[in-house]
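Asks: A predicted structure for the sequence below; I have some questions about it.
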Amino acid sequence: MEETVDKAFLRQRILAAAAALAMLFGAVWFAGAMAPETEAVTLLCETSCLVIDPGHGGLDGGAIAYNGVKESDLNLDIGMKLRDLAAFYGVETRMTRQDDTARTTAEDYSEHEDLEYRAKLAGETDNAVLISIHQNTFPTSQPSGAQVLYGPDSESRKLGELTHRNLIQALQPENRRVAAPAPKELYLTAHAGCPVILVECGFLSNLSDLQLLCDAQYQRSLAVVLLASYLQYGAETIL
Ligand SMILES: [Zn+2]
């Protein structure tokens, strides 16, 4: 009985931390004075690990913008900001890559093997929750906005819908896209074996999206929303 009360209390505190994060957005996100709800987050860390996958890398640049900006670089920028923010909050993380040279620069590089490695890393991590970071592109410049794709199970869907909703509320109120199941042929979401979402943060083929995605402040805001969503999901699900 008492344990139930404690869990409800902790859940509330984690949600409060997530709400505080969502409001921070910016210059103060790293301020030491803001360190939140450490005990509650510690408990979440003991039961879950956030696996961050900055999509592509090395030989595989992913989508390329008209001005040469590579999707792989933006994915890494956002992924590293998410990692740093998570560390600040005491959230345990693992990265599938932390630079532009790991694995994918090997001469015998194969995209399939690289994706297998990433899925295996998530699969081997106890109680992993996987967030894969990508950017979209389209042959014309009109489409814009973020979209979250989720893995085949109900937990992934829950995390995906929650994250998509948070992204829109916080950053893109005019965005009319909806969270959607990831196509079956997407290897990582199909094979991660844990709650998994693939976040398409925006379109490199859209000028205003591209400008935002290259902006360090906007990247930080994306990281804040992703971490807040992870905490919210953990509070609602894991505890
Ligand atoms: Zn991609």
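Replies: Arrived safely, thanks for sending.
Asks: Please make it C-alpha for all contacts and neighbour counts, starting now.
Replies: Fine.
Asks: so who does the residue lying closest to Pro195 once chain neighbours are set aside touch?
Replies: Using C-alpha to C-alpha, 6 or more residues apart in numbering and skipping the chain neighbours, the partner closest in space to Pro195 is Ser156 (4.4 Å). Applying C-alpha atoms under 8 Å, 6 or more residues apart in numbering, we find Ser156 in contact with 150, 194-197.
Asks: Let me know the next secondary structure element after whichever strand or helix holds Arg94.
Replies: Per DSSP states H and E, Arg94 falls inside strand 93-95. Helices and strands here follow DSSP H and E; after strand 93-95, the next one along the chain is helix 111-124.
Asks: Can you tell me what sits against the next helix-or-strand element following that following helix?
Replies: Heading C-terminal from helix 111-124, the first helix or strand you meet, by DSSP H and E, is strand 128-136. Strand 128-136 has contacts (C-alpha under 8 Å, 6+ apart) with 48-55, 63, 71-72, 74-75, 78-79, 122, 192, 194-205.
Asks: Can you give me the buried ones in stretch 133-151?
Replies: 133-137, 144-151 (16 or more other C-alpha atoms under 10 Å).
Asks: gap between the two ends of it?
Replies: 14 Å (C-alpha to C-alpha, to the nearest Å).
Asks: same question, stretch 134-151
Replies: 15 Å.
Asks: Could you measure from the residue nearest in space to the middle of the chain over to Asn67?
Replies: Central residue of the chain (C-alpha atoms, centre = their mean): Ile131, 4.0 Å from the mean position. Counting by C-alpha to C-alpha, the separation of Ile131 from Asn67 is 27 Å.
Asks: Can you pull out the low-pLDDT segments for this protein?
Replies: 1-5, 15, 18-43, 102-107, 238-239 (pLDDT under 70).
Asks: In it, mark out all the strands, start to finish.
Replies: 49-54, 93-95, 128-136, 147-150, 180-181, 196-203 (DSSP state E).
Asks: Give me the contacts around the shortest one.
Replies: So that's strand 180-181. Against strand 180-181 from outside (C-alpha under 8 Å, 6+ apart): 147-152, 157, 160.
Asks: Kindly indicate which of the residues you listed lies nearest Ala16.
Replies: Each of the contacts of strand 180-181 was scored against Ala16 by C-alpha to C-alpha, and Gly160 proved nearest at 20.2 Å.
Asks: From Ala182, how far out is that closest one?
Replies: Distance from Gly160 to Ala182, by C-alpha to C-alpha: 10 Å.
Asks: and what of Arg83?
Replies: In terms of C-alpha to C-alpha, Arg83 sits 24 Å off from Ala182.
Asks: Then Val129?
Replies: Val129 is 16 Å from Ala182, by C-alpha to C-alpha.
Asks: From the neighbour counts alone, determine which of the two ranks first.
Replies: The neighbour comparison of Val129 against Ala182 (other C-alpha atoms under 10 Å) goes to Val129, with 27 against 20.
Asks: what's the burial count for Leu76?
Replies: Leu76 has 23 nearby residues by other C-alpha under 10 Å.
Asks: Kind regards, and thank you for your time.
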